[in-house]
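>>> For reference, the sequence and a predicted model appear below.
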Amino acid sequence: MSTPQLVVHRDKELMAQAAAARLITKIVDAQASRGEASVVLTGGRNGNGLLAALAAAPARDAIDWGRLDLWWGDERFLPEGDPERNVTQARDALLDQVPVDPKRVHAMPASDGPWGTDVDAAAESYAAELARAAGPENHGSVPTFDVLMLGVGPDTHVASLFPELPAVRETERTVVGVHGAPKPPPTRVSLTLPAIRSAREVWLLAAGEDKAEAVVIALSGAGEIQAPAAGARGRQRTLWLLDSTAASQLPRSLYPPASP
Ligand SMILES: O=C(O)[C@H](O)[C@@H](O)[C@H](O)[C@H](O)COP(=O)(O)O
């Protein structure tokens with residue numbers, strides 16, 4: 001697993017804009033070399049802030065939106081179209097403004113979908129969808145994600161993997177149902193750490209004073225059960241994209257020299 005790298009930006013707006021520019025380049029490069037790209041989106045303010053910045057980016061249409069597979073790291077298990085669903089917020093922030101291929105937008109199931117309110121069955125169906133998309137070179141369970149993005153909670157949760165709860169302890173399945181999440185809504189669908197760690201690159205987005213403690217805990221050697229963000233590592237790269245307030249409690253030795 002790759003060692004975390006940090007990039008610290010002046011404020012959350014600049015972090016979102018810089019992360020959006022970074023994502024455009026990553027997708028364009030993947031499409032140039034493989035003909036397509038695969039990205040995992042995250043919910044939350046920082047994740048949606050990045051999508052809004054991407055929608056406003058002059059270079060956004062350098063991306064061939066028809067050759068981009070979009071997946072989610074987690075989803076709030078609510079009815080289709082609920083404004084609190086991550087996919088609803090992603091559509092509002094970006095997807096309704098660009099010509100994505102609907103067959104390549106892999107939303108996680110809603111609570112009024114084919115599996116009704118059975119969140120565990122819904123999770124199994126998403127795991128099956130991932131496996132169908134996996135190629136022989138992908139260890140057979142999930143496709144090779146070029147970039148998997150994660151917001152970071154103040155308690156160090158990522159996706160819907162919360163400290164000490166069963167989902168963060170999962171070592172075999174790629175997708176699980178989450179019951180009793182401390183962040184509402186309580187019922188969710190989430191990728192697990194093994195699925196997260198299959199990505200080429202994992203980018204963790206953290207901006208705001210309320211993330212400063214989580215950042216220092218996750219980067220100072222905490223275990224992944226107590227601090228799930230600590231276990232979110234990419235096969236080739238793990239990148240923490242921060243603003244200066246979220247980085248404010250880091251010891252100077254961890255603070256990258258290049259950041260202002
Ligand atoms: O469904 C969700 O709520 C998210 O996927 C969750 O993991 C989020 O990314 C973090 O809680 C950070 O959220 P903020 O960026 O809003 O702080």
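Received, thanks. Numbers count the residues shown, from 1 in each chain.

>>> And the nearest residue to residue 227 once chain neighbours are set aside, its phi and psi?
Once flanking residues are discounted, residue 227 sits nearest to residue 156: 4.0 Å by CB to CB, 6 or more residues apart in numbering. Every residue, glycine included, has its C-beta placed from N, CA and C. Phi and psi for residue 156, reported as degrees, to the nearest 10, are phi 80, psi 10.

>>> how close does residue 156 get to the ligand?
10 Å (CB to the nearest ligand atom, to the nearest Å).

>>> ok, how many other residues are close to the residue of the stretch 1-150 of the chain found nearest the ligand?
Closest contact between the stretch 1-150 of the chain and the ligand, by CB to the nearest ligand atom, is at residue 44 (2.6 Å). Residue 44: 21 surrounding residues under other CB atoms under 10 Å.

>>> Please give me every residue in contact with it.
86, 151, 153, 205 (CB atoms under 8 Å, 6 or more residues apart in numbering).

>>> what's it sitting at in phi/psi?
Torsion angles, degrees, to the nearest 10, at residue 44: phi 100, psi 170.

>>> Any residue of the lengthiest helix in the chain touching the ligand?
The residue-count maximum for a helix in the chain (DSSP state H) belongs to helix 12-34. No - if you take CB under 6 Å from any ligand atom as the test, helix 12-34 misses the ligand, and the best it gets is 9.4 Å.

>>> Let's see that helix as CSV, backbone CA atoms only.
Extracted C-alpha coordinates of helix 12-34, given in CSV (Å, rounded to 0.1, in the frame of the first residue of the first chain):
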residue,chain,number,x,y,z
LYS,A,12,-11.6,24.8,0.8
GLU,A,13,-12.6,26.7,-2.4
LEU,A,14,-9.0,26.5,-3.8
MET,A,15,-8.8,22.8,-2.6
ALA,A,16,-11.9,22.0,-4.6
GLN,A,17,-10.7,23.8,-7.7
ALA,A,18,-7.3,22.2,-7.5
ALA,A,19,-8.7,18.8,-6.9
ALA,A,20,-11.1,19.2,-9.8
ALA,A,21,-8.2,20.2,-12.1
ARG,A,22,-6.2,17.2,-10.8
LEU,A,23,-9.1,14.9,-11.5
ILE,A,24,-9.6,16.2,-15.1
THR,A,25,-5.9,15.5,-15.8
LYS,A,26,-6.1,12.0,-14.3
ILE,A,27,-9.2,11.1,-16.3
VAL,A,28,-7.9,12.5,-19.6
ASP,A,29,-4.6,10.6,-19.1
ALA,A,30,-6.4,7.3,-18.3
GLN,A,31,-8.7,7.8,-21.4
ALA,A,32,-5.6,8.5,-23.6
SER,A,33,-3.9,5.4,-22.5
ARG,A,34,-6.8,2.9,-22.0
